[in-house]
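J.: I'd like to go over a predicted model; first the sequence, then the structure.
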Amino acid sequence: MKAGSHINALWFIKKRGIFGSIYILTYLLLSTLVSFKDATHDSFYDNPLWYRLVYMSLIFTLFRCRFYSAWLLAESMCITSSFGAYPLKSKPKPGQGPTDLMALKQAYELAPNNIEYDFETVHNIDDYMCETALTVREVLRYWNMTVQYWMATYVYRRIKWKKFGQPITMGVSAFWHGIHGGYYLSMLTTTPCIMTENVMEAAVRRRLQNRTYIRIYDFFSWVFRTRQFDYMSMGFILLRFDLTIRYWKSVYFIGHIACLVLYSVGMILLRLRPKSKHTKVQQDMGIGQQPKASSEQHGRLLKEENKTF
């Protein structure tokens, strides 16, 4: 990275500042209703089932707002010092930096004072995609993207047995977070979630022809992954193995049961298909793929390319 006074960091900070303020305000308001410690008290389990389920959604919203605001603030700090600024034409990606080194060299040699920069290298969270992505594996690509790049490059891609790549990577990620049992319970639960999504994708969505039906399927896919993250987040919030199991037991292990039921339904539907039409279920776990650059970056890159023609 080459810093300089011609790097306009204010444009990038404004957007992060606006959304960061919204997340901080939401966090402050929501924290008056629920607390991360609520489920550690015995009295919490005197509440009815519906309350325990709603609590799961509220507390994960509080959890997300805390991390969104922290990461956006961290990104803003990097941007103010021009840390992570690279020419847009070099196609930087989160955690990796420039991916087109020839374009990077040419940009600095030909027009060092007229370079359009971006800060995608230090872009750690795509909050919009985290909220709108339809599947668990998609969300994993946009959450903590710089760490996801490291996990994909130095863990997932080095595993010879790809069938075990995703759970092993999640195990390493859990260890990276710490030694609390809740981390491992949550991280390893992503594997059955992704397996369920893969099977249902092959058994149902790929067979749909009507756009309306596809949209309906996508909506329920979004509901599934949203509720699954609510469920899995309890391990990160309660931390302890026994407390996480206690909470999951109080909601009848609904996340695991949902995976088991939907996976079984998907496998039955695949078995019912004629042998001539059997398709292999793709084991795309998502972690091994490089996090995608934001739509904002692609738009500016396209605009820049159009100027040259």
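T.: Cool, got the structure.

J.: all helices of this structure, in order?
T.: Assigned by DSSP state H, the helices in the chain fall at 10-30, 49-80, 101-110, 127-132, 136-142, 145-154, 165-177, 181-203, 211-238, 241-250, 254-272, 295-308.

J.: mind putting these into JSON lines with mean pLDDT?
T.: As requested, these are exported to JSON lines (pLDDT from 0 to 100):
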{"stretch": "helix 10-30", "mean pLDDT": "89"}
{"stretch": "helix 49-80", "mean pLDDT": "93"}
{"stretch": "helix 101-110", "mean pLDDT": "80"}
{"stretch": "helix 127-132", "mean pLDDT": "93"}
{"stretch": "helix 136-142", "mean pLDDT": "92"}
{"stretch": "helix 145-154", "mean pLDDT": "90"}
{"stretch": "helix 165-177", "mean pLDDT": "86"}
{"stretch": "helix 181-203", "mean pLDDT": "94"}
{"stretch": "helix 211-238", "mean pLDDT": "96"}
{"stretch": "helix 241-250", "mean pLDDT": "97"}
{"stretch": "helix 254-272", "mean pLDDT": "95"}
{"stretch": "helix 295-308", "mean pLDDT": "51"}
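
J.: adding mean neighbour count, write those helices out as CSV.
T.: Any C-beta I mention is one placed from the backbone N, CA and C, and that applies to glycine too. Listed next are the helices of the chain as CSV, based on neighbours: other CB atoms under 10 Å:
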stretch, mean neighbour count
helix 10-30, 15
helix 49-80, 18
helix 101-110, 14
helix 127-132, 16
helix 136-142, 22
helix 145-154, 19
helix 165-177, 19
helix 181-203, 22
helix 211-238, 18
helix 241-250, 17
helix 254-272, 15
helix 295-308, 12
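
J.: how about TSV for those, with distance to residue 86 added?
T.: Shown next, in TSV, are the helices of the chain (distance: least, CB to CB, whole Å):
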stretch	distance to residue 86
helix 10-30	13
helix 49-80	12
helix 101-110	7
helix 127-132	21
helix 136-142	20
helix 145-154	14
helix 165-177	26
helix 181-203	31
helix 211-238	32
helix 241-250	41
helix 254-272	40
helix 295-308	11
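
J.: and those: which comes nearest residue 94?
T.: Smallest distance to residue 94 across these (CB to CB): 3.7 Å, for helix 145-154.

J.: and that closest one, how far from the chain's centre?
T.: With CA atoms, centre = their mean, to the nearest Å as the basis, helix 145-154 stands 12 Å off its chain's centre.

J.: sorry, back to before: which of the helices of the chain sits closest to residue 39?
T.: Proximity to residue 39, assessed across the helices of the chain by CB to CB, is greatest for helix 241-250 (5.2 Å).

J.: can you list contacts of that closest one?
T.: 39-40, 45, 49, 52, 180-182, 184-186, 231, 234-235, 238, 255-256 (CB atoms under 8 Å, 6 or more residues apart in numbering).

J.: again, only this time at 6 Å
T.: Residues from elsewhere that reach helix 241-250, judged by CB atoms under 6 Å, 6 or more residues apart in numbering: 39, 45, 52, 181-182, 185, 234-235, 238.

J.: let's have those residues in a markdown table, adding distance to residue 31.
T.: Converted to a markdown table, the contacts of helix 241-250 look like this (distance: CB to CB, whole Å):
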| residue | distance to residue 31 |
| --- | --- |
| 39 | 15 |
| 45 | 21 |
| 52 | 19 |
| 181 | 25 |
| 182 | 20 |
| 185 | 24 |
| 234 | 17 |
| 235 | 20 |
| 238 | 17 |
